[in-house]
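A.B. asks: sharing a model prediction with you, sequence too.
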Amino acid sequence: MSEVAEAKTAEAKIAEAKIAEARGCLATLGRVVVALSGGVDSSLLLALAVDELGADAVVAATIAGVVDVEQDLEAAATLAAALGVQHEVVRVNELGIEGFSANTPQRCYLCRRAMCASLSTLALERCAAVVDGANADDLSDYRPGMRAAAEAGVRHPLAEAGLTKAEIRAAARARGLSSWNRPASPCLASRFPYGERITVEGLRMVAAAESFLHSLGFDVARVRHEGRVARLEVPVGRIPELTSPEVREAVDSHLRDMGYAYVTVDLRGFRSGSLNEVLDDESRGRPKRPAAGAGGTSPG
């Protein structure tokens with residue numbers, strides 16, 4: 001066996017061990033409400049929960065609000081039906097959450113806290129625990145929503161087992177889940193730079209603009225809504241295609257017709273969580289680091 005094949009075999013065994021650990025976590029909970037977004041992470045979690053606990057002990061709950069993409073709800077409903085799981089849709093209006101529209105760095109915390117409260121109520125009615133599809137990679141980014149989930153007692157079986165996004169996709173593909181190759185689809189509020197007020201009109205513009213890019217074949221695309229400026233992110237390798245004369249003119253014309261005054265392309269390409277790059281420790285809710293020479297031990 002070649003070194004490459006041996007490495008792949010070793011990686012597969014590690015992933016299998018992690019899957020077994022996630023199953024073990026679910027088994028200890030007995031009954032669960034799975035926060036099902038329709039993405040690959042929560043889809044795999046739901047499938048594992050059904051395998052381990054049986055469909056009767058599992059409820060899939062999907063939050064459907066003004067910042068969510070309709071296709072995600074459709075994907076969630078389809079999966080729940082395929083697995084024979086009861087599916088609850090929790091309708092919310094995120095813009096009604098105090099402080100949400102102001103879009104501070106704590107926006108996700110405020111939203112997730114409200115969503116967790118709704119899911120906890122549902123779980124209490126069914127004597128179940130709430131679990132979500134957070135993965136190990138999520139722990140390395142700025143995600144204040146994870147703090148809200150921790151406060152509400154939400155469990156993260158995939159993250160607790162150390163499963164990465166790549167391992168989850170591979171496991172979902174092996175299982176035949178249709179979501180295995182779905183691009184990540186965070187809520188539309190994540191397209192607004194912190195401090196840019198979130199409005200219904202802005203959300204609709206972002207949704208329509210990204211839908212247009214998808215129709216052109218850009219499955220992975222973000223439209224960052226910066227006032228009247230649309231800053232587009234696509235994978236670096238596809239920037240030449242986006243900026244080719246025909247495509248560039250079509251995108252510019254379409255988005256300006258929607259109300260954007262300027263349409264720009266981010267030359268660094270698509271980065272998940274790119275709007276977090278401007279945050280310092282204080283904005284992230286971490287203790288501010290002392291300046292060099294301001295006391296404490298300076299690096300050698």
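C.D. replies: Everything's here; your move.
A.B. asks: every contact and neighbour count from this point should use C-alpha atoms.
C.D. replies: OK.
A.B. asks: the protein: helices as residue ranges?
C.D. replies: Applying DSSP state H to the chain gives helices spanning 3-29, 40-53, 70-82, 107-125, 144-151, 157-160, 165-175, 200-215, 239-242, 245-258.
A.B. asks: dump those to CSV, plus mean pLDDT.
C.D. replies: Formatted as CSV, the helices of the chain follow (pLDDT from 0 to 100):
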stretch, mean pLDDT
helix 3-29, 86
helix 40-53, 97
helix 70-82, 94
helix 107-125, 95
helix 144-151, 93
helix 157-160, 97
helix 165-175, 95
helix 200-215, 97
helix 239-242, 98
helix 245-258, 98
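A.B. asks: nearest to residue 270, of those?
C.D. replies: helix 239-242 (9.7 Å; Cα to Cα).
A.B. asks: that older thread, quick one: which of the helices of the chain is nearest residue 99?
C.D. replies: So among the helices of the chain, helix 107-125 is nearest, using Cα to Cα, at 7.2 Å.
A.B. asks: neighbouring contacts of the closest one?
C.D. replies: 32-33, 35, 61, 63, 90, 94, 97-101, 129-130, 143-149, 152, 154 (Cα atoms under 8 Å, 6 or more residues apart in numbering).
A.B. asks: and with 6 Å instead?
C.D. replies: 33, 100, 144, 145, 148 (Cα atoms under 6 Å, 6 or more residues apart in numbering).
A.B. asks: which of those sit farthest apart?
C.D. replies: 33 and 100 (25.3 Å).
A.B. asks: what about these two, which has more around it?
C.D. replies: More crowded of residue 33 and residue 100, by other Cα atoms under 10 Å: residue 33, with 28 against 20.
A.B. asks: any idea how far the most centrally placed residue in the chain lies from residue 203?
C.D. replies: Residue closest to the mean C-alpha point of the chain, counted by Cα atoms, centre = their mean, is residue 186 at 4.0 Å. To residue 203, residue 186 is 13 Å away according to Cα to Cα, to the nearest Å.
A.B. asks: so what sits against both of the two?
C.D. replies: In contact with both residue 186 and residue 203: no residue, using Cα under 6 Å, 6+ apart.
A.B. asks: how many neighbouring residues does residue 264 have?
C.D. replies: Using other Cα under 10 Å: residue 264 sits among 15 other residues.
A.B. asks: how about the one 4 residues further on?
C.D. replies: Neighbours of residue 268 under the rule other Cα under 10 Å: 12.
A.B. asks: chain neighbours aside, what residue packs nearest to it?
C.D. replies: residue 236 (6.6 Å; Cα to Cα, 6 or more residues apart in numbering).
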